[in-house]
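> I'll drop the sequence and a predicted model, then ask my questions.
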Amino acid sequence: AQSVSQHNHHVILSEAASLELGCNYSYGGTVNLFWYVQYPGQHLQLLLKYFSGDPLVKGIKGFEAEFIKSKFSFNLRKPSVQWSDTAEYFCAGDYMNTGFQKLVFGTGTRLLVSP
Amino acid sequence: KAGVTQTPRYLIKTRGQQVTLSCSPISGHRSVSWYQQTPGQGLQFLFEYFSETQRNKGNFPGRFSGRQFSNSRSEMNVSTLELGDSALYLCASSLMTPGLAGGRDTQYFGPGTRLTVL
């Protein structure tokens, strides 16, 4: 079955620390991958996406993610977090072989950045 | 360009009632998808509409239904509400130009409708 998993449910970091959030997707053919962020009280916003091409993708607010096909992974990274990065982060996949667009979400990672 | 809008933002209903939620996609976007977000189950796909046709449906009971109008606006209906239907219902729109490679595009989300069933 198509699935996306995020192994870190809660992460606590101090400001300026480096961040890496794990995301793995199940095998299911070609998949488009996304990271969304949900700040407290706000709606889901797109951080970055990977459809094809360069496996290292850069998004907004200094975030980047690397698509590693051999590991079925799409981890999110940021070299130095800020207090304003406190939010919930969702990895999602859109499996192309389904024929129709449907995002499969991971369970989310709550990030708390202490000042 | 205005984002995805959803109305109402908050709803309180009692068991057995029905509810209709509305979603207006980003101008020019033709695909509308609905998701349910709960603390226990996370974000789960409900259904997707394109050109007034439901093309894909998630694993939800028949009490959950929807439709899309010719202007791409969409409504979602839940009949015979149960306590477990309490959730944040999210709508997302995307451009979805058929014929292009993959025909897929990024989904942009609205603020959601918070439904509480008492």
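That came through, no problem. What you are looking at is a predicted structure, and each value in this text was computed from that prediction instead of being measured.

> distance of B:Arg73 from B:Ser93?
Taking CB to CB, to the nearest Å as the measure, B:Arg73 falls 10 Å from B:Ser93. Heads up, the C-betas are built off the backbone N, CA and C, glycines and all.

> shared neighbours of those two, anything?
When contacts are counted by CB atoms under 8 Å, 6 or more residues apart in numbering or on different chains, the set common to B:Arg73 and B:Ser93 consists of B:Cys23, B:Pro25, B:Val32.

> the last one - how many residues pack around it?
Number of residues near B:Val32 (other CB atoms under 10 Å in any protein chain shown) recorded here: 29.

> isn't it up against B:Pro25?
Yes: using CB atoms under 8 Å, B:Val32 is in contact with B:Pro25, at 5.3 Å.

> joint contacts of those two?
Common neighbours of B:Val32 and B:Pro25, counting by CB under 8 Å, 6+ apart, are B:Ser72, B:Arg73, B:Ser74, B:Cys91, B:Ser93.

> of all those residues, which comes closest to chain A?
Ranked by distance to chain A (CB to the nearest CB), the shared contacts of B:Val32 and B:Pro25 are led by B:Cys91 at 9.9 Å.

> list the residues that contact A:Gln6.
For A:Gln6, the contacting residues are A:Leu21, A:Gly22, A:Cys23, A:Tyr89, A:Phe90, A:Cys91, A:Gly106, A:Thr107, A:Gly108, A:Thr109, by CB under 8 Å, 6+ apart.

> so how do I select the buried members of these in PyMOL?
Selection of buried members from the contacts of A:Gln6 for PyMOL, criterion 16 or more other CB atoms under 10 Å in any protein chain shown:
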select buried, chain A and resi 21+23+89+90+91+106+107+108+109
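
> how about CSV for the contacts of A:Gln6, with secondary structure and distance to B:Tyr49 added?
Compiled in CSV, those are given as follows (DSSP: H, G, I helix; E, B strand; the rest coil; distance: CB to CB, whole Å):
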residue, secondary structure, distance to B:Tyr49
A:Leu21, strand, 32
A:Gly22, coil, 33
A:Cys23, coil, 28
A:Tyr89, strand, 28
A:Phe90, strand, 22
A:Cys91, strand, 25
A:Gly106, coil, 24
A:Thr107, coil, 26
A:Gly108, coil, 25
A:Thr109, strand, 30
